[in-house]
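1. can't give you the sequence, but here's the structure:
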Ligand code: GDP
Ligand code: MG
């Protein structure tokens, strides 16, 4: 089948924004209020004659303040079962959080390649914060901003290199 590129990360880091940005259209719901349950979103991507399916897992399972771990477990379980490449999204405006560390730990023993994305690196003032994500153990995070359209071409190449 078509290779699966699965987006994971804690709520509100911008997973759905990354999905829409890469897809080039608004498909997934972007919302600054965590806690709304949505369906898993997929989009068939074509780049330089190659295909992959992009998956936003952010709406999988139920999400409430007391049950974030279960919500994230659902994402990771799906990634383990299905992903050929994992996009692990974090947020340069908030820096490393406990939940990011939780996700990072779950992804550590996955054979699937993981690309860490420091989203919301809107300008160079956030570059230092973005570099802190190397601590999560998934290499240097790519500095991206869906809002400022930063880092898209580099990311697309990285995905294709790992497929
Ligand atoms: P998700 O819960 O991980 O799917 O996150 P969403 O895609 O719904 O985005 C959460 C919030 O982050 C929304 O208010 C977005 O507008 C905001 N956001 C997403 N990408 C960026 C970005 O590159 N820069 C900034 N400053 N905010 C962003
Ligand atoms: Mg979302």
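-> Right, received. Where do you want to start? Note that the coordinates shown come from a computational prediction; the quantities given were computed from them, not determined experimentally. Numbers count the residues shown, from 1 in each chain. Ligands and ions are numbered 1, 2, ... in the order given.
2. which parts of the protein are strands?
-> Assigned by DSSP state E, the chain shows strands spanning 4-8, 41-47, 50-56, 85-91, 114-119, 142-143.
3. ok, residues contacting stretch 142-162?
-> 5, 14, 17-18, 20-22, 47-48, 50, 52, 84-85, 87, 92, 113, 115-123, 126-127, 130 (CB atoms under 8 Å, 6 or more residues apart in numbering). Quick note: C-beta positions are derived from backbone N, CA and C, even for glycine.
4. close to ligand 2, is that stretch?
-> No. Judged by CB under 5 Å from the ion, stretch 142-162 stays clear of ligand 2, getting no closer than 11.8 Å.
5. and that stretch, end to end?
-> 15 Å (CA to CA, to the nearest Å).
6. what pLDDT does residue 78 get?
-> On pLDDT, residue 78 comes in at 86.
7. quick one: furthest residue from the center of this structure?
-> residue 49 (23.4 Å; CA atoms, centre = their mean).
8. now do the helix ranked longest in the chain: which elements does it pack against?
-> Ranked by residue count and defined by DSSP state H, the top helix of the chain is helix 68-82. Helices and strands touching helix 68-82, by 3 or more CB pairs under 8 Å, 6 or more residues apart in numbering; DSSP states H and E, are strand 4-8, helix 98-107.
9. do you know which of those lies nearest ligand 1?
-> Checking the helices and strands packed on helix 68-82 against ligand 1 by CB to the nearest ligand atom gives strand 4-8 as the closest, at 8.2 Å.
10. pairing partners for that closest one, with directions?
-> Here strand 4-8 has these sheet partners by DSSP bridges: strand 50-56 (parallel), strand 85-91 (parallel).
11. and that strand with helix 68-82, angle?
-> Per axes from the mean of the first three to the mean of the last three CA atoms, to 10 degrees, the angle that strand 4-8 makes with helix 68-82 is 170 degrees.
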